[in-house]
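Trainee: Just the structure for this:
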Amino acid sequence: MNIFNDTAALRKELSNKQTIAFVPTMGNLHDGHIALIEHAKQQADYVVVSIFVNRLQFLPNEDFAQYPRTLDNDCKLLSMVGVDTIFAPNEKTLYPEQQDFLLTLPAVADTLEGKFRPGFFCGVATVVLKLFNIVQPQLALFGKKDYQQLHIIRTMVRQLNLPIKIDACKVIRASDGFALSSRNAYLTQTQRTEAGKLYHILQQTKKEINSGCKNFESLQKKAIDYLTQRGWEVDYFTIQNSKTLLPAKTDDESLIALTAAWLGKTRLIDNIEI
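Mentor: Numbers count the residues shown, from 1 in each chain. All right, here's what the predicted structure looks like:
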């Protein structure tokens, strides 16, 4: 397995590779990342994983400095699962000067996560586009847990005519249904037990919709009340069209329920397709 910090050296390594699959990460890897990598290995001859904590997508009051950085352990794990190359640049490599060129994103980027984390998706799109330009993969893999991010990346690739297939992988969950995330390490043992209730209310909402309930506003309020009564602070719980991420209409065929909520000082997101 190769480990590169330098763009030129990485490009030289990848120059004669036929089919490259790329998995961008911020490190502190868990089984969700491994599932992406295993899928990548089935789809391509050569797998590249990037590890970079992207300052540009953190707000001033967010956890950039505290975000878990476990590069040595991540490299050992990636070696064990058969990754071909790790790209672990520092900030000067990806941002050699102030990043003045930024993408203008569609309106959906200012909703849901974008409403509560303004500028977040601009930071995500900027670093992903940079990484795509450096690695030049034929395939890139993203998890469905960050569903809005997946939607925006797909839109960016399509509208900028990038020759990259975006593959979405299912949410990897613990035995109680809780979605795996690097930020789960912030939870206390008691909070971790409670955290499974987030997926429980998503499942309950899906069950009621599949049983014929079309009063989405009522279902959203019911879910928010449930979480609030259990001590959560809910940023949003909403039912959207899964293809457009616009608010759901009763005649929409493909729906998704998405939520973001605080459990103590940890902000958790999840979703369920309906």
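Trainee: what kind of secondary structure is residue 62 in?
Mentor: Recorded secondary structure, residue 62: coil (DSSP: H, G, I helix; E, B strand; the rest coil).
Trainee: Look up how far residue 249 lies from the closest residue to it other than its chain neighbours.
Mentor: Excluding its sequence neighbours, the residue lying closest to residue 62 (CB to CB, 6 or more residues apart in numbering) is residue 117, at 7.7 Å. (C-beta placed from N, C-alpha, C; glycine too.) Using CB to CB, to the nearest Å, residue 117 is found at 26 Å from residue 249.
Trainee: Which one's more surrounded, these two?
Mentor: Between residue 117 and residue 249, counting by other CB atoms under 10 Å, residue 117 is the more crowded of the two (18 against 10).
Trainee: Next, the more buried one: phi, psi?
Mentor: phi -130, psi 70 (degrees, to the nearest 10).
Trainee: And for residue 231?
Mentor: Dihedral angles for residue 231 - degrees, to the nearest 10 - are phi 100, psi 0.
Trainee: Tally up the residues packed near it, please.
Mentor: For residue 231, the neighbour count with other CB under 10 Å is 12.
Trainee: ok, now the one 5 residues further on?
Mentor: Residues contacting residue 236 under the criterion other CB under 10 Å number 16.
Trainee: Is it in contact with residue 114, as I believe?
Mentor: No - using CB atoms under 8 Å, residue 236 is not in contact with residue 114; the gap is 11.0 Å.
Trainee: need the strands for the stretch 51-200 of the chain, in chain order.
Mentor: Remark: strands assigned in the stretch 51-200 of the chain by DSSP state E, counting those that start in this stretch are 85-87, 139-143, 165-169.
Trainee: Just say which of those strands is most tucked in.
Mentor: The highest average neighbour count among the strands of the stretch 51-200 of the chain, using mean count of other CB atoms under 10 Å, belongs to strand 85-87 at a mean of 23.
Trainee: Please enumerate residues in contact with that strand?
Mentor: 1-5, 10, 13-14, 46-52, 74-75, 78, 131, 134-135 (CB atoms under 8 Å, 6 or more residues apart in numbering).
Trainee: Tell me the buried residues within those residues.
Mentor: For the contacts of strand 85-87, a burial check counting by 16 or more other CB atoms under 10 Å picks out 4, 10, 13-14, 46-52, 74-75, 78, 131, 134-135.
Trainee: Quick check: chain neighbours aside, which residue is closest to residue 210?
Mentor: residue 274 (6.8 Å).
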